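**Student:** I need the structure of the sequence given here:
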Amino acid sequence: MGDQADTYQIVITVNGPGEVASWLTPLATEIKRARPDVRICAAVVPCVFSSGSETAVVRALPFIDAACSIDETMAFIFRNRLPEGFRRGGEGMIMHLGGDSIFTVLLSKRLGLPCLAYVERPIAFQGFYDRVFYSGFEKVERPRGKVVGEMIVDAAHARTPARRPGANGRVTVGLFPGSREFMVKHMLPFYAIVVEAMAAARPDLDFVVARSDFMPLDYFARIPDVADGREIEGVNVRMERDGEDAFMVTPAGVRMRLAGPGEVAALSSVVLTLPGTNTAELGALGVPMVMLLPTWSAELAPLPGIAGHIGRLPVIGRKIKRLAAEATARSMKHFSHPNRRAARMVIPELVGHITAAQVAEAALGVLASDTAPLEKELRAIMGAPGAARRLAGELIDYLERTETVHDAAPAR
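**Tutor:** Below is the predicted model:
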């Protein structure tokens with residue numbers, strides 16, 4: 001697409017795997033569906049929840065016209081180096097989907113474009129935003145704000161158009177070890193103990209590991225040895241190839257096939273997952289799940305705000321962050337999206353110094369129950385698709401009805 005001055009440009013700020021997969025993807029798809037001429041640029045901004053792979057993933061998306069890395073975004077904000085493919089002048093907007101909200105504001109000032117946002121709850125520097133759209137996660141009523149619904153639901157249905165648990169005549173257990181290396185490093189060996197216990201109790205079970213788009217396949221082949229001083233239990237696993245399929249194999253010989261998250265959600269009768277966007281997508285699809293939050297080595301967990309950066313301090317940083325993470329865990333009643341939305345325990349949540357035996361027991365308990373009512377309840381809690389189309393319509397309407405050029409920061 002050319003850089004014609006009369007073409008709208010929407011610059012979307014993102015960071016973190018959840019924002020890219022569950023918000024950017026459905027929103028950009030709907031914008032392009034409605035207005036193929038709109039130019040969509042993605043700016044990756046700093047955030048403690050980053051996996052480090054966001055830029056590469058975003059650049060591979062077919063509906064993104066240009067993308068810049070964290071370093072390129074910062075160079076533009078502070079040194080006015082325009083990223084390749086981005087355009088000065090003309091009409092458009094800056095759309096905040098993730099990262100620290102101040103960077104979206106600074107980009108808005110640099111390009112002279114209005115600043116909008118899509119968020120779960122009010123954010124810092126919100127007074128600088130022209131419009132704010134809410135997912136409905138919390139009941140928020142603010143000036144210049146509007147609830148459009150949860151785009152995660154759209155992403156879930158796009159990734160998994162139909163559920164087919166038991167399609168191969170066997171019962172499948174899905175395993176979501178996370179989208180960052182430090183998560184997979186600890187959770188996959190932990191899951192290995194869980195699946196060995198489950199397989200001993202239920203030989204009819206198959207196990208499938210959801211490999212995030214943000215996790216390279218070769219990491220699973222070189223996953224670190226568990227004898228590294230970690231606190232959480234785990235056993236070493238090895239990768240085996242069988243044709244086009246890759247498996248992680250436990251010491252007892254239990255095989256866990258690697259697959260995409262959408263396929264795992266489609267096949268699984270129960271899923272084991274960490275907190276985060278996965279719990280929302282699984283809930284939207286009505287997938288029974290057990291959410292795990294091991295607090296062993298709590299200082300490794302990403303935290304929002306200053307607590308997320310304090311762990312970098314020498315000597316005392318890790319200890320302070322561990323205390324902050326443990327305090328956060330104690331203060332929250334619910335961690336999964338379905339439970340937080342419902343304000344009650346809908347799916348099991350295992351939090352603390354949990355063991356593989358506890359997890360196996362909980363998962364087997366779900367499999368032994370009638371999950372039809374739970375599946376229906378989960379879908380009702382998360383709501384119907386359509387938020388991405390509504391938000392895209394709001395943005396296009398804003399562009400077409402509003403003078404969208406502000407005073408740009410002067411070039412140096």
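
**Student:** pull the contacting residues for Asp225.
**Tutor:** Asn236 (C-beta atoms under 8 Å, 6 or more residues apart in numbering). (Each C-beta comes from the backbone N, C-alpha and C, glycine too.)

**Student:** model confidence score at Met332, please.
**Tutor:** pLDDT recorded at Met332 is 77.

**Student:** next one: Arg401
**Tutor:** Listed pLDDT for Arg401 reads 85.

**Student:** just the C-alphas of stretch 234-249, formatted as CSV.
**Tutor:** C-alpha atoms of stretch 234-249 as CSV (Å, rounded to 0.1, in the frame of the first residue of the first chain):
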residue,chain,number,x,y,z
GLY,A,234,10.0,-31.1,37.7
VAL,A,235,11.6,-33.9,35.7
ASN,A,236,13.6,-33.6,32.5
VAL,A,237,11.8,-34.0,29.2
ARG,A,238,13.2,-34.7,25.7
MET,A,239,11.9,-33.9,22.3
GLU,A,240,11.1,-36.6,19.8
ARG,A,241,10.0,-36.2,16.1
ASP,A,242,7.5,-38.5,14.5
GLY,A,243,7.0,-37.3,10.9
GLU,A,244,5.7,-33.8,11.0
ASP,A,245,4.8,-34.0,14.7
ALA,A,246,7.0,-33.1,17.6
PHE,A,247,6.5,-34.7,21.1
MET,A,248,7.9,-33.9,24.5
VAL,A,249,8.6,-37.2,26.3
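
**Student:** wasn't Lys185 part of a strand?
**Tutor:** No: counting by DSSP: H, G, I helix; E, B strand; the rest coil, Lys185 is not found in a strand; it is helix.

**Student:** wait, Glu181 sits on Tyr219?
**Tutor:** Yes: assessed by C-beta atoms under 8 Å, Glu181 is found in contact with Tyr219 at 6.1 Å.

**Student:** list the contacts of stretch 166-173.
**Tutor:** Contact partners of stretch 166-173, identified using C-beta under 8 Å, 6+ apart, comprise 165, 195, 198, 202, 204-208, 267-272, 363, 367.

**Student:** 6 Å instead?
**Tutor:** Contact with stretch 166-173 is made by Asp204, Leu205, Asp206, Phe207, Val208, Leu267, Ser268, Ser269, Val270, as judged by C-beta atoms under 6 Å, 6 or more residues apart in numbering.

**Student:** between those residues, which has the most around it?
**Tutor:** Taking other C-beta atoms under 10 Å as the neighbour criterion, Ser268 ranks highest of these with 27 neighbours.

**Student:** I figured it hits Gly174, correct?
**Tutor:** Yes: in this structure, Ser268 is within contact of Gly174 by C-beta atoms under 6 Å, at 3.4 Å.

**Student:** which residue, other than its chain neighbours, is closest to Pro17?
**Tutor:** Closest residue to Pro17 apart from its sequence neighbours, by C-beta to C-beta, 6 or more residues apart in numbering: Ser179 at 4.1 Å.

**Student:** kindly report the same for Asn278.
**Tutor:** Phe176 (5.0 Å).

**Student:** for the one you found, grab phi and psi.
**Tutor:** When read as degrees, to the nearest 10, the backbone of Phe176 gives phi -110, psi 100.

**Student:** what distance do you get for it to Gly262?
**Tutor:** According to C-beta to C-beta, to the nearest Å, Phe176 and Gly262 sit 12 Å apart.

**Student:** please report the distance of Lys336 from Thr277.
**Tutor:** Not quite, residue 336 is Ser, not Lys. For Ser336, the distance to Thr277 equals 11 Å [C-beta to C-beta].

**Student:** same check on Ala124?
**Tutor:** Ala124 sits at a distance of 21 Å from Thr277 (criterion: C-beta to C-beta).

**Student:** these two - which one has more neighbours?
**Tutor:** Per other C-beta under 10 Å, whichever of Ala124 and Thr277 has more neighbours is Thr277, with 22 against 11.

**Student:** who's in contact with that one?
**Tutor:** Contacts for Thr277 (C-beta under 6 Å, 6+ apart) come out as Gly18, Ser22.

**Student:** quick check: which ranges of this protein have low pLDDT?
**Tutor:** The model of the chain has pLDDT under 70 over residues 1-6, 47-52, 139, 141-143, 296-331, 403-412.

**Student:** show me the domain layout of it.
**Tutor:** Using automatic domain parsing, the domain parsing of the chain gives 9-149+386-401, 164-382.

**Student:** which of these is buried the deepest?
**Tutor:** Highest mean neighbour count of those: domain 9-149+386-401, a mean of 20 (counted as mean count of other C-beta atoms under 10 Å).

**Student:** for it, what is the distance to the chain centroid?
**Tutor:** In this view, domain 9-149+386-401 has its centroid 15 Å away from the chain centroid, taken as C-alpha atoms, centre = their mean, to the nearest Å.

**Student:** same thing with stretch 285-294?
**Tutor:** Distance of stretch 285-294 from the chain centroid (C-alpha atoms, centre = their mean) equals 15 Å.

**Student:** who touches that stretch?
**Tutor:** Contacts to stretch 285-294, defined as C-beta under 6 Å, 6+ apart, come from residues 156, 160, 232, 265, 270-273, 275, 279, 282, 335-336, 347-351, 354, 362-363, 366, 371, 374-375, 378-379.

**Student:** helices - which of these land there?
**Tutor:** Counted as lying in helices by DSSP state H, out of the contacts of stretch 285-294, are Ala156, Ala265, Thr279, Leu282, Ala362, Ala363, Val366, Leu374, Glu375, Leu378, Arg379.

**Student:** and which of those is nearest Met248?
**Tutor:** Of all these, Met248 sits closest to Ala363, with 17.4 Å by C-beta to C-beta.

**Student:** doesn't Val270 make contact with the closest one?
**Tutor:** Yes: with contacts counted by C-beta under 6 Å, Ala363 reaches Val270, the gap being 5.5 Å.

**Student:** just the element for Ala162, please.
**Tutor:** Under the criterion DSSP states H and E, no helix or strand holds Ala162.

**Student:** report how many residues lie close to it.
**Tutor:** When neighbours are defined as other C-beta under 10 Å, Ala162 has 8 of them.

**Student:** contacting residues for it?
**Tutor:** Ala162 touches nothing, counting by C-beta under 6 Å, 6+ apart.

**Student:** tell me where the stretch 1-150 of the chain has helices.
**Tutor:** Along the stretch 1-150 of the chain, counting by DSSP state H, counting those that start in this stretch, helices occupy 17-19, 25-34, 54-59, 70-79, 101-111.
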